[in-house]
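K.L.:
fold the stuff below for me.
(chains A, B and C)
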Amino acid sequence: MSEKPTTDDTEAGASTEAGRTPAEPDFLKVSDLHAGYGQARVLQGLDFTVARGEVCAVLGPNGAGKTTTLRALCGMVRGRGSVTLNGTELLGRSPEQAARLGVAHVPEGRGTFNDLTVEENLRIGAHLHTGHWRRGRAQRAAVAADLERIYGYFPKLRDRSRQAAGSLSGGEQQMLAIGRALMLRPSLLLLDEPSLGLAPLVTRELFEIVRAVNEEERTTVVVVEQNAQLALDVAHRAHVLEAGRLVLSGPAAQIREDGQVAEVYLGVSVRAGTGG
Amino acid sequence: MSAVTEVLQQVVEGVGSGAVYASLALALVLIHRFTGIVNFAQGELAMISTYVAWQLVASGMPFWLALPVTLAVSFAGGMLIERLVIRPVQAAPELTTVIVTVGLFIFVNAMAGLIWSFTVKDFPQQFPDGGIDLAGVRVDWSTLGIIAVVAVVMGLLYLLFQHTSIGLMMRAVACNPASARLSGIRVGRVLMLGWGLAATVGAVSGVLVAPVLFLEPNMMGGVLIYAFAAATLGGFDSPVGAVVGGLLVGVAETLAGAYVDVIGADLKVGVPLVIILAVLLVRPQGLFGRAAVERA
Amino acid sequence: MSMNVATLGTDRARRLRAALTALLAVAAVVGAPFYFAPFQVFQLTMVLLYAVALAGLNLLVGFGGQISLGHGAFFAAGAYTAAVMLDRYDTGHLATLPVAAAGCFLLGLGFGVPALRLRGLYLALVTLSFAVFLPPLLKRLEPVTGGSMGLTVDKLQPPAWSGLAEDQWMYFVVLAVATVALLLARNLLRSRVGRALLAVRDNESAAEVMGVRLSLHKTLAFAWSAMFAGVAGCVYTWVIGFVSPDSFSFVLSITLLAGLVVGGLASLYGPLLGAAFVMYVPSVAQDISEAAPGVVFGLLIIAVMFVAPTGLAGLAGRVRGVITPLLTRTKPSAAVRTPESEPPSAPPAPAETAPADAEPVGAPPRTEKE
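P.N.:
Numbers count the residues shown, from 1 in each chain, chains lettered A, B, ... in the order given. The predicted structure follows:
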């Protein structure tokens, strides 16, 4: 019943890899990606790569196709072209298949299971690694360890573990959504507008956690953000989209420093805010 | 017999029939929670399951063996119907899905008539005659049996949903299918499971009520109306509500039939209509439902 | 330009053909009772009568997007109104029609107000419960309704001046009622109410934002629709001369809905086709077995919802849509002698640019964003 997730062996490989220099620059490889909804063609041929263990920010104005990019990666939207994760083609797969290949998508608006308790939400994330009916002692221990790991990142969730997810604040729900995604032990984490509707302080906390997760688990992250400044603080690389096309790519630091780029493409003055 | 024991007597009988309504209402609510569909064919599926049980018993199988076989057949049938009939219109507007379930209703009803004819069949009563006397109130073994069977079914469902991993997944799908998909849950299979479960729970109601009503293709038509009233009263999203609603409707029906002269035995079928209208006017989400009644 | 002349020519030809078709249709409809045997005329009368009920149901289901599983009950209410008036008060047939119509309209309002405050599903529940409840109620009200024995009343009799036989006269009366009803249904749809209904059906929340008062319009649509059923029921009494509770079991409600779905939702001809179905399928299929009509109807409903949510009427349009391009594509070879005629029609346009079909009722919602 339970499929062996393909991430198991690759994760072991990741831990041997050292330092910042990416050993697998083509871990996620997007080539000539087209996607859209019905007659609206949103993405018009995207090419980019994300190295293993990297945090990659996808930036751009509203309607540029950022969310569509993420949705194409996880199978929520059908795309043409090619998207490979560690050599495996992702396009043409359903969201559930993509999840089983190690892609964890935290959708815009969070998508928590509001009727379920916080802990149940997290346990949903664990189901790929356990049986559906009975869990052996080893599996139960593994789930418990995973839960501990998540509660380590999000101590607030531990305090509310018996509460219904629907009763959480917006920030807590976002944490829960990310926590649930991490329970999948993903090799690729997709975050869609995690800051949406949250207070600046909460958002900053959230991004710090994402940074910690990335550093400790070497999880590859693609984050879509309106708030370019925040995203660039955490990301290693950034891609800027405009009208469904890639207009700029580069190391996050470089884009952050290049005030002109930021103003032209992102409509914000980034430099002013890079204090923290 | 004092007036009080007389009323209690009626309440006991109401609970007996209410347990049957609760069971079918639970099937309706299960499917509604999973798919947002109100399955008008639920009663007919229960009816055809009952025919399966009847056929097995008639061909010599002991009842208590025929029952699990029937439930297994119903489970498989429910899954098959989800896959073949419902899945293709799952994304269509509510009107389409309702019409499809009405079509299923007509088809299943006619097929039962085609296979087993429209003549009434005697369904064997499984519980012994007689009963016990509780402070002047007589409780038949058959009433107790029905209540016990329904209670066991509810208990099993509770265990399934609250204490197994698969139950957790089913609740997740019912709550948010898109997120469930993103978590790698095979939503299609879970929906099939949901329909299978609902068909099984509904089959229990059919088998329980058959000895009382006699088996014929239109047997469940009336029960379906009561089950709708029960689900409306309890809230279409609440399994607990379905059970409580079923019992209340059963008691209300029996009391109204016994004590309201205008109603009598023949007009009892007006009780669910009144209950549905009253709930819609006073508390449209039902006793246990949430305020949001619109399909998300 | 020769092309203009050609289109003008075809235009005139088309108009001529339309006029001819209409003339032929009228001739056929008027001539039918003189050509067919009395029993067949009676069957045609019943088709027209069911068409009235289905036109009403179509207002609700096809255009309003709501569902009633109890239209047989309104049909019964209309039939009993007429029967009781004729039986007890001897009012004469014509007087029963407005009373049945108004009564069912009010009945529809009464059920619509609680049922349509929320999602349309509850209307299905309430109407289904009502349809199940009505026959025992009719049996109970024996002093008025004659109980399970029913009531026998005078059929419609042809006036002496007409020189028509009973079946012929009834045919023409029902034809007149049906014509008025179908025209009324059409005009209702073109009125403000109808446009509001369509807006509600196609996008409920948008319609609400635009200020369409949802529940009011849905309730009115339901009341109109109940009124049509009541009128059909009233005329039924005129034609049959007998009513009994068992003629109006909830099977009738289900059959009406089935007929409409098969005939075609949201189509103006759908009710006529559906009425023919309601009339002929059971009588033909019943020869095979008692269960056969149900099997046929059940399968047809599901099949129609799967492949052609617009029903038979829509299917005809779709078949035409498929065949016409095929025909025009073969035309150039046949039309070599007119070199100035249009170039071979272009291959079917790519899906992206093809004009969207008129949205069928059953089309999946388009909710994708961005």
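K.L.:
give the next helix or strand downstream of whatever helix or strand residue B:146 lives in.
P.N.:
For residue B:146, the enclosing helix or strand under DSSP states H and E is helix B:141-163. Per DSSP H and E, the first helix or strand lying C-terminal to helix B:141-163 is helix B:165-175.
K.L.:
tell me how far that next one lies from the chain's centre.
P.N.:
Between the centre of helix B:165-175 and the centre of its chain there are 21 Å (CA atoms, centre = their mean, to the nearest Å).
K.L.:
from the contact counts, what lies against it?
P.N.:
Applying 3 or more CB pairs under 8 Å, 6 or more residues apart in numbering or on different chains; DSSP states H and E, one finds that helix B:165-175 contacts helix A:118-126, helix B:3-35, helix B:141-163, helix B:177-182, helix B:187-213. In this view, the C-beta of every residue, glycine as well, is placed from N, C-alpha and C.
K.L.:
can you give the contact residues for that helix?
P.N.:
Identification of contacts with helix B:165-175 by CB atoms under 8 Å, 6 or more residues apart in numbering or on different chains yields A:113-116, A:120, A:123-124, A:127, A:130-133, A:135, B:33-34, B:159-161, B:179-180, B:183, B:185, B:187, B:190-191, B:193-194.
K.L.:
got a ChimeraX select line for the buried ones in these?
P.N.:
Selection of buried members from those for ChimeraX, criterion 16 or more other CB atoms under 10 Å in any protein chain shown:
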select /A:113,114,115,116,120,123,124,127,130,135 /B:33,34,160,161,179,180,183,185,187,190,191,193,194
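K.L.:
what's the neighbour count on the residue nearest to residue A:98 when sequence neighbours are not counted?
P.N.:
Counting by CB to CB, 6 or more residues apart in numbering or on different chains, residue A:98 lies nearest to residue A:75, which is 4.3 Å off, once chain neighbours are set aside. Neighbour count for residue A:75, taken as other CB atoms under 10 Å in any protein chain shown: 24.
K.L.:
contact partners for residue A:75?
P.N.:
A:90, A:93-98, A:103.
K.L.:
mind checking which of these land in helices?
P.N.:
The helices, defined by DSSP state H, take in A:95-98 from the contacts of residue A:75.
K.L.:
in TSV, list those along with pLDDT.
P.N.:
Output for these, formatted as TSV (pLDDT from 0 to 100):
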residue	pLDDT
A:95	90
A:96	89
A:97	90
A:98	91
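K.L.:
nearest to residue B:218, of those?
P.N.:
residue A:96 (41.3 Å; CB to CB).
K.L.:
the closest one and chain B, how far apart?
P.N.:
As for residue A:96, its distance to chain B is 5 Å (criterion: CB to the nearest CB, to the nearest Å).
K.L.:
shouldn't that residue be in contact with residue B:189?
P.N.:
No. Residue A:96 is not in contact with residue B:189 according to CB atoms under 8 Å; the separation is 9.5 Å.
K.L.:
of the two, which one has the most company?
P.N.:
For residue A:96 versus residue B:189, the count of surrounding residues by other CB under 10 Å is larger for residue A:96: 21 against 16.
K.L.:
so what's that one up against?
P.N.:
Shown in contact with residue A:96 (CB under 8 Å, 6+ apart): A:75, B:181-182, B:184-187.
K.L.:
what's the longest helix in chain C?
P.N.:
Determined from DSSP H, the single longest helix within chain C is helix C:2-35.
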